[in-house]
Each structure stands twice: as structure tokens, then as C-alpha cells.
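Chemist: Okay, predicted coordinates and the sequence, questions at the end:
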Amino acid sequence: MNPTVSIIVPVYNAQAYLEKTVDSLLAQTYRELEIVLVNDGSTDKSPEICRSFAEKDSRVKVINKQNGGSVAARRTGRENSTGEYVMFADADDWYSGDAVQVLMTAIEKEGADIAIARFIFVNSLKNEKLNALDSLGRYIKHKTVYQGDELRQRIIRSFLHREPMPPTLYAKMYKRELFHDIYRYAEGMVFYGDDLHVNMALFANADKVVMVDKVVYYYRTGGGTTKYMPSLFNDLVWSYKNKLKLMADFGFEADTALVSEYFLAFIEMAVNNLLLDKTRGRREYMEKITEYVNDPTVRQACERSDKSRLRAIELMVVEKDVDGIYKYASNTVRKSKYRQKIKKILARFGVRC
């Protein structure tokens, strides 16, 4: 009998797209599935849609919980699943009909612990294109199977710096046992960054990873506006601390300066996000930016960075130039391209806004 694959889907107010997502899972050519829909306190018709699917197909399991963010929803789903293998999907995306079979075949052929395939961005006009931020291709060109030191030093190290291998949880299949005790690296995160840190720990626990040069996942973009995320700055700080902890716990060889510079680059995004909170006035913005630049973790990253490699906005953070940061961010947010820019940055890490 084929092993069961559990597919975890966090659901929050996704009534417009949820049916297409679940239909794509039920239509998989690989039939031994457990589809876990985690209703994260939805206030629309999502709970009814979830219940309807569970009534029609015994492979669908519904878990209802209070709203706690996508990080907690994914973890709840994984902890309440039973499959020998685990996959993830967002509630407004979909998989190709052969996605599970493609990943399972790759794992079984190579005796791998993780299988990775490619994904496509699909916008509201139904145009499809490979994710421009998806750097999986560079690894596939080198080889399709990574193990041992090459897995640790080439793939896992990439998660620490700029241009990592796609750290999203979707479009991947994982052996269940890899999840042992890895969520300690995502505790404290509310909305942003769990994909990256969970993947770092999962890959560190793996002996072999196989990559498949085939699109299996369709990521829906467009149709909405960027919203203020109250937890973003704290999530970014937690992310930086966790990277340092992961480096120490797993013995990753990495340039601490580069890791620190990467963190400082995201402070710009945190400030831009802050300005999306229209309930604040200029004085409150300035106070919050001051809090950001004086944060002990931010100061630590400033000390560890190579100043010659920093951009203007990052140097402002180093110099605690709150007025300059505010003016720079204000100009950025006024530009229409900013909304698409932040969406693409967040999408790279599996975050939809």
C-alpha cells in the first residue's frame, strides 16, 4: 500500500478561492491523501466550505481554532496529521493534478527525505510565469540530488543570506520524522518567516534532498492591497535571532556579517510596513522608528555588518537617522510600485498580503 501524504492548508477568510484549492487536492492522481483544513478563526463562509468538503470526502479533516496566524495554523495542522509524508498549501493557491505523484516518485527513486519542485505566479489576469525570485533553477543546473556536506554547506547556507533557494513550505514534500522538535525555531513568530526557519531545521535533519524541474504549484498574486502587519518588526527580529541560533545549534558555517546585513535590509520593509498603519500620525511614526533603530538586536546587527556593503537606508539605521529613514520610507510608500515590491519580497518567504 502506498504511504499516506498529509497536506496542511491554513484557512482564513478564503471563501473566494478555497474550493479551487481543495478541488485541486482531491483531484490528485496520487490517492492516499489526508487533507487537513485548519480554519483559523475565519469570519466568512470558509468554515462552511471546509465542512462541506469533509462531508463529501473522508480524506478531508477539518480543525477549527481561534485566530492565531498562519504560523500557528500550520503547526496545528501538522500536529493533527498522521501521514508518513507532509505537504503544505495556501488556501488561495492550487496544485497540479500530478503534484503529489511527482514528488513521491522523486523521493522513492532517490531514497530522499525531501523533494522540491517549482512553482508559478498566476496573477488576476490569468497570466502565468515562473517566479522571478525562484532561484531553484541554479541548483537544478548543478545537480538534482544533494546530500551530506554539500547539502549543508550549499543549500542550507543559502537560507541565511540573500538569494536563497526558495524557502517556502509549499511545492515540497517532507518525511514526517524530520519535524521532530523543529518548531522551537518558529516559536514567537506570528505571521512572517516560519517557512524559512522551519525549512532550515528540516533540511538540517535531512540526509538527502531531491529537486524536480517541474512546475507543480500555482501561487495566486494580485487582487488586493498591502495591509499593515503589526507583528512584522518583531517577526524580523525573531528571524535574525533564530538564524544565529540555528547556525550555532547545527554548526552551519556562514558569514555573520552577511546574515546581519540581510537583517538590516529588511528593516526598510518594517518601516514601510509601519507607514501603512493609517491610525498613526507623524510623531507616532517617528517614535516607532526610533524604537526600531534602538532595538538591541538591531544595534547588534549594525555592529556586525560591513558598512561598506550597506545601502543608504541601512546606513541611516546604523547612524540612527530617524528623520532620514522616515523621509526615505514616506517617499517609497507613495510610489505605486512599492505595494508590488513588498508583495514579491513576502511571497518569496511564503507570506501573502
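Modeler: That came through fine.
Chemist: distance between the ends of stretch 39-48?
Modeler: Using Cα to Cα, to the nearest Å, the end-to-end distance of stretch 39-48 comes out at 10 Å.
Chemist: Can you give me the buried ones in it?
Modeler: When neighbours are counted by 16 or more other Cβ atoms under 10 Å, the buried residues of stretch 39-48 are found to be 39-42, 46-47. (Each C-beta comes from the backbone N, C-alpha and C, glycine too.)
Chemist: Closest to Arg75 out of those residues?
Modeler: Distance from Arg75 was checked for each of the buried residues of stretch 39-48 by Cβ to Cβ. The minimum falls on Asp40, at 11.2 Å.
Chemist: how about that closest one, phi and psi?
Modeler: phi -90, psi 60 (degrees, to the nearest 10).
Chemist: Please, where are all the helices along this protein?
Modeler: For the chain, the helices defined by DSSP state H cover 18-26, 46-56, 70-79, 99-110, 136-142, 148-150, 194-205, 232-250, 256-274, 282-293, 296-304, 312-318, 322-334, 337-348.
Chemist: With just CA atoms, put the first one into PDB.
Modeler: Listed in PDB are the C-alpha atoms of helix 18-26, where the atom choice follows Å, rounded to 0.1, in the frame of the first residue of the first chain:
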ATOM      1  CA  LEU A  18     -10.900  27.800  -1.200                       C
ATOM      2  CA  GLU A  19     -13.000  25.500  -3.400                       C
ATOM      3  CA  LYS A  20     -10.400  25.600  -6.200                       C
ATOM      4  CA  THR A  21      -7.600  24.900  -3.800                       C
ATOM      5  CA  VAL A  22      -9.300  21.800  -2.200                       C
ATOM      6  CA  ASP A  23     -10.600  20.600  -5.500                       C
ATOM      7  CA  SER A  24      -7.000  20.500  -6.800                       C
ATOM      8  CA  LEU A  25      -6.000  18.300  -3.800                       C
ATOM      9  CA  LEU A  26      -8.900  15.900  -4.200                       C
END
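Chemist: Can you tell me what sits against that helix?
Modeler: By Cβ atoms under 8 Å, 6 or more residues apart in numbering, the surrounding residues in contact with helix 18-26 are 7, 9, 11, 14, 33, 35, 37, 46, 49-50, 53, 57, 59-60, 89-97.
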